[in-house]
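Peer 1: Provided below are the primary sequence and the corresponding predicted coordinates.
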Number of protein chains: 2
Amino acid sequence: MTERLTIALDVMGGDHGPEVVIPAALRVLSERDDIALLLVGDQETLQKTLKASGASGREHLQIQHASQHVDMDELPSHALRFKKDSSMRVAINMVKEGRAQACVSAGNTGALMATARYVLKTLPGIDRPAICTSLPTMTGHTWMLDLGANIDSSPEHLFQFGLMGSVLATAVDGNDSPRVGLLNIGEEEIKGNETVKEAAGLLSSGFLNYIGFIEGDDVYSGKTDVVVCDGFVGNIALKTSEGVAKMISHFIKREFTRNILTRIVALAALPVLRAFRKQIDPRRYNGASLLGLRGTVIKSHGGADVLAFANAIEVAAVVVKQDVPERIKSQLQAVMAERQAI
Amino acid sequence: MTERLTIALDVMGGDHGPEVVIPAALRVLSERDDIALLLVGDQETLQKTLKASGASGREHLQIQHASQHVDMDELPSHALRFKKDSSMRVAINMVKEGRAQACVSAGNTGALMATARYVLKTLPGIDRPAICTSLPTMTGHTWMLDLGANIDSSPEHLFQFGLMGSVLATAVDGNDSPRVGLLNIGEEEIKGNETVKEAAGLLSSGFLNYIGFIEGDDVYSGKTDVVVCDGFVGNIALKTSEGVAKMISHFIKREFTRNILTRIVALAALPVLRAFRKQIDPRRYNGASLLGLRGTVIKSHGGADVLAFANAIEVAAVVVKQDVPERIKSQLQAVMAERQAI
């Protein structure tokens, strides 16, 4: 019998709550025999939804009651202070208490980060967790961080992002020497600000396979396995990318539905368009890791659907199985030891 | 007879130099009767290329000799000091001397900015020019600045970008009250850094139609007419967008060329795909304005082809005809006067 790992789900989080999280949970359980799930949220709501899905008493699926939930626009400080029995907080507590090996939430990012940091604490040497996700590239995918947890990151922070992203790429992709690029701008005179320049020095100190500065267009070119940037810049780059992809889809759709002739062409092109869409389907990339914590917390997109949320659960399983927090911790220790030796 | 405005072209700049600039010049002259062009570069090369094009002695096309040219990777300080007779410098001199109303260059951005600033000077109250271009949106286009001229912009700089972008949108689009958005990230706890928060205060002081913070995905949604951001962030957002668009085109192409069947579908879909591509064709958006100077300088993409460079010349013509530098100057004066009155 396989030992199942347990993942706690913040069922009340996200734009859709139990409507999405429960079907996603059932989907994962039907596909995997190595995962058990702990649904955290309002017991009555959960039982009702499970019953409606014909999934009451399903094996490897337990309910943990939580009487509150964090609103999507709630201030993190407010959630931290007044929502001690929220589904988000209780799900993270489960990880802290060892009753789950990871938790997944589609809730308020700021609150999730603040709560995870407060409950689980960061690893020694890490000030704040960083948000890291994989993104499609022309040749596969790349890991990008930070995506909004840290603004005005110091050079040391950027170095730590590089290290944590590398560990993740190694753990998940089995890539022994992930190429790390530092996001910068290309204009000669003003090549980067002081922070980026200093970070480049730290990143090239020999611990990582640092390949140098990359410009924005290289995020998707396949040139790197890890893209390092400040959270303000990373968040804007990521959201801008989403905006472009949305606009392009909009234009494609508009052109293909322009008249009866183009609609017929669209019908013929449907399998091709579907194959293409699958390549950049954001749902396949859902599930960002909060790296630098003493435990595994995965952030799902707030608007995630069943497939996307199920994907975030799968990400949690990989991160746990590959022992990412422990690996980051030992890498950090190695760096600190070597720095002291110099 | 129409009075023609004269635009100086840095023929030696960009990845392709005369090969692209001269055909672009001829194209513009064949289409417009209100523009005269001044080709700045090595006289012999220009004469030879014109002769080969059968365009020697073409009306409204003059040559201005310049013995040097600025390399694409040359340090701006080096260009400024040692390339006093470069095609770029001489083209800008033409504007300074009133022999041209604008200049267009596909050369080294940093050198162009440094030289333009040194020769033409910035408008009173402006420290550095900002780079502004229009980008496609779901509903039309938007103006975004700064795209890389300024890093670590102050709140006052961001305010000035808003003002200059507004003036450009009004001048070019005839939009009397362009909506100005300030690029920020959405996470509650850390909503923006101090600079962005202060800039929001200045932008909402009543001079502009400021609509508040926008996130990255709204750049392309059509929500704003002007997007304001620091040059580091703007450059990365723009280049990342280019990267996504390139990747999407790559995937579309790959899917449509996968096998004989998909190739037949592609053939049928060609007009639709062409119409779609036209919507996001970066060549149609080529020609960024260096705003805040006492004169009109337009930066073309270094890799621009004939169509793209011709578009940059058209942008120059609009900016000159609409008297953008003068309008920015008077708007700035109005702001300063009102601030003093308070």
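Peer 2: Here it is on my side, so go on.
Peer 1: For the stretch 101-250 of chain A, which residues score under the pLDDT cut-off?
Peer 2: The stretch 101-250 of chain A contains residues with pLDDT under 70 at A:187-192.
Peer 1: ranges for the helices of it?
Peer 2: For the stretch 101-250 of chain A, applying DSSP state H, counting those that start in this stretch gives helices covering A:109-120, A:155-173, A:194-203, A:231-256.
Peer 1: Redo the ones you listed as a markdown table? Include mean neighbour count.
Peer 2: For glycine as for every other residue, the C-beta is placed from the backbone atoms N, C-alpha and C. Below are those laid out as a markdown table (neighbours: other CB atoms under 10 Å in any protein chain shown):
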| stretch | mean neighbour count |
| --- | --- |
| helix A:109-120 | 24 |
| helix A:155-173 | 24 |
| helix A:194-203 | 19 |
| helix A:231-256 | 23 |
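Peer 1: can you list those in JSON lines and add distance to B:A55?
Peer 2: Below are the helices of the stretch 101-250 of chain A laid out as JSON lines (distance: least, CB to CB, whole Å):
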{"stretch": "helix A:109-120", "distance to B:A55": "59"}
{"stretch": "helix A:155-173", "distance to B:A55": "52"}
{"stretch": "helix A:194-203", "distance to B:A55": "46"}
{"stretch": "helix A:231-256", "distance to B:A55": "37"}
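Peer 1: want to throw those into TSV with distance to chain B?
Peer 2: TSV is the format used below for the helices of the stretch 101-250 of chain A (distance: least, CB to the nearest CB, whole Å):
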stretch	distance to chain B
helix A:109-120	4
helix A:155-173	14
helix A:194-203	8
helix A:231-256	3
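Peer 1: Which one of these lies nearest to B:A171?
Peer 2: With CB to CB as the measure, helix A:231-256 is the member of these nearest B:A171 (25.1 Å).
Peer 1: What is that closest one packed up against?
Peer 2: Applying 3 or more CB pairs under 8 Å, 6 or more residues apart in numbering or on different chains; DSSP states H and E, one finds that helix A:231-256 contacts strand A:130-137, strand A:140-145, strand A:179-183, helix A:260-279, helix B:231-256, helix B:260-280.
Peer 1: Quick check, A:I211 in contact with A:V227.
Peer 2: No: at 10.7 Å, A:I211 and A:V227 do not qualify as touching, with contact defined as CB atoms under 8 Å.
Peer 1: Common neighbours of the two, please.
Peer 2: Residues touching both A:I211 and A:V227 by CB atoms under 8 Å, 6 or more residues apart in numbering or on different chains: A:G181.
Peer 1: okay, those two: which has more neighbours?
Peer 2: Using other CB atoms under 10 Å in any protein chain shown, the more surrounded residue of A:I211 and A:V227 is A:V227, with 29 against 18.
Peer 1: Can you tell me how far the more buried one is from B:H250?
Peer 2: According to CB to CB, to the nearest Å, A:V227 and B:H250 sit 18 Å apart.
Peer 1: ok, now A:V11?
Peer 2: A:V11 sits 39 Å away from B:H250 when distances are taken as CB to CB.
Peer 1: How about the contacts made by A:A199?
Peer 2: Taking CB under 8 Å, 6+ apart, we find A:A199 in contact with A:155, A:158-159, A:182, A:228.
Peer 1: hmm, 6 Å instead?
Peer 2: Going by CB atoms under 6 Å, 6 or more residues apart in numbering or on different chains, A:A199 touches A:155, A:158.
Peer 1: Same check on the one 3 residues further on?
Peer 2: Taking CB under 6 Å, 6+ apart as the contact definition, A:L202 lies against A:155, A:159.
Peer 1: Can you pull the phi/psi pair for the most centrally placed residue in chain A?
Peer 2: By CA atoms, centre = their mean, chain A has its centre lying nearest to A:A288, at 0.1 Å. Main-chain torsions, A:A288, degrees, to the nearest 10: phi -100, psi 140.
Peer 1: isn't it right next to A:A130, touching?
Peer 2: No: taking CB atoms under 6 Å as the definition, A:A288 is not a contact partner of A:A130, at 9.7 Å.
Peer 1: how close does A:I264 get to chain B?
Peer 2: Separation of A:I264 from chain B (CB to the nearest CB, to the nearest Å): 8 Å.
Peer 1: A:Q68 is in contact with A:M88, isn't it?
Peer 2: No: using CB under 6 Å, A:Q68 is not in contact with A:M88, being 8.9 Å away.
Peer 1: The two - which one has more neighbours?
Peer 2: A:M88 (30 against 17).
Peer 1: which SS class is the more buried one?
Peer 2: Assigned by DSSP: H, G, I helix; E, B strand; the rest coil, the conformation of A:M88 is helix.
Peer 1: isn't it right up against A:D71?
Peer 2: No: contact criterion CB under 6 Å: A:M88 and A:D71 do not qualify, at 10.6 Å.
Peer 1: Can you pull the residues that touch both of the two?
Peer 2: Applying CB under 6 Å, 6+ apart, one finds that no residue jointly contacts A:M88 and A:D71.
Peer 1: So what sits opposite the closest residue to the residue nearest to the centre of chain A other than its chain neighbours in the bridge?
Peer 2: Sequence neighbours aside, A:T133 is the residue nearest to A:A288 in space, at 3.9 Å (criterion: CB to CB, 6 or more residues apart in numbering or on different chains). Here A:T133 sits in beta bridges with A:M144, going by DSSP bridges.
Peer 1: residues near A:T133, how many?
Peer 2: Neighbour tally, A:T133, other CB under 10 Å: 23.
Peer 1: Please tell me how far it sits from chain B.
Peer 2: 14 Å.
Peer 1: my read: that residue touches A:S289, true?
Peer 2: No: in this structure, A:T133 is not within contact of A:S289 by CB under 6 Å, at 7.3 Å.
Peer 1: Break chain A down into its domains, please.
Peer 2: Split into domains by automatic domain parsing, chain A comes to A:1-123+A:292-322, A:130-285.
Peer 1: Tell me how far the last one lies from the chain's centre.
Peer 2: Looking back up the chat, that one is domain A:130-285. Taking the mean of its C-alpha atoms, domain A:130-285 sits 13 Å from the chain's own mean (CA atoms, centre = their mean, to the nearest Å).
Peer 1: Ok, the shortest one next?
Peer 2: In terms of CA atoms, centre = their mean, the gap separating the centre of domain A:1-123+A:292-322 from the centre of its chain is 14 Å.
Peer 1: got the contact list for A:A200?
Peer 2: So A:A200 contacts A:L182 (CB under 6 Å, 6+ apart).
Peer 1: if we go to 8 Å?
Peer 2: By CB under 8 Å, 6+ apart, the contact set of A:A200 is A:182, A:192, A:210, A:212-213.
Peer 1: Which single one of those is nearest to B:R117?
Peer 2: For the contacts of A:A200, the residue nearest B:R117 by CB to CB is A:G192; the value is 19.9 Å.
Peer 1: okay, the helix or strand harbouring A:A337 in PDB with CA atoms only?
Peer 2: According to DSSP states H and E, A:A337 maps onto helix A:324-341. In PDB, the C-alpha atoms belonging to helix A:324-341 read as follows (Å, rounded to 0.1, in the frame of the first residue of the first chain):
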ATOM      1  CA  VAL A 324      11.600  21.500  -1.700                       C
ATOM      2  CA  PRO A 325      11.600  23.500   1.600                       C
ATOM      3  CA  GLU A 326      14.300  21.100   3.100                       C
ATOM      4  CA  ARG A 327      16.400  21.400  -0.100                       C
ATOM      5  CA  ILE A 328      16.200  25.200   0.000                       C
ATOM      6  CA  LYS A 329      17.200  25.200   3.600                       C
ATOM      7  CA  SER A 330      20.300  23.100   3.000                       C
ATOM      8  CA  GLN A 331      21.300  25.100   0.000                       C
ATOM      9  CA  LEU A 332      21.000  28.300   2.000                       C
ATOM     10  CA  GLN A 333      23.100  26.800   4.700                       C
ATOM     11  CA  ALA A 334      25.800  25.700   2.200                       C
ATOM     12  CA  VAL A 335      25.900  29.300   0.900                       C
ATOM     13  CA  MET A 336      26.200  30.800   4.300                       C
ATOM     14  CA  ALA A 337      28.900  28.400   5.400                       C
ATOM     15  CA  GLU A 338      30.900  29.100   2.200                       C
ATOM     16  CA  ARG A 339      30.500  32.800   2.600                       C
ATOM     17  CA  GLN A 340      31.800  32.600   6.200                       C
ATOM     18  CA  ALA A 341      34.700  30.500   5.100                       C
END
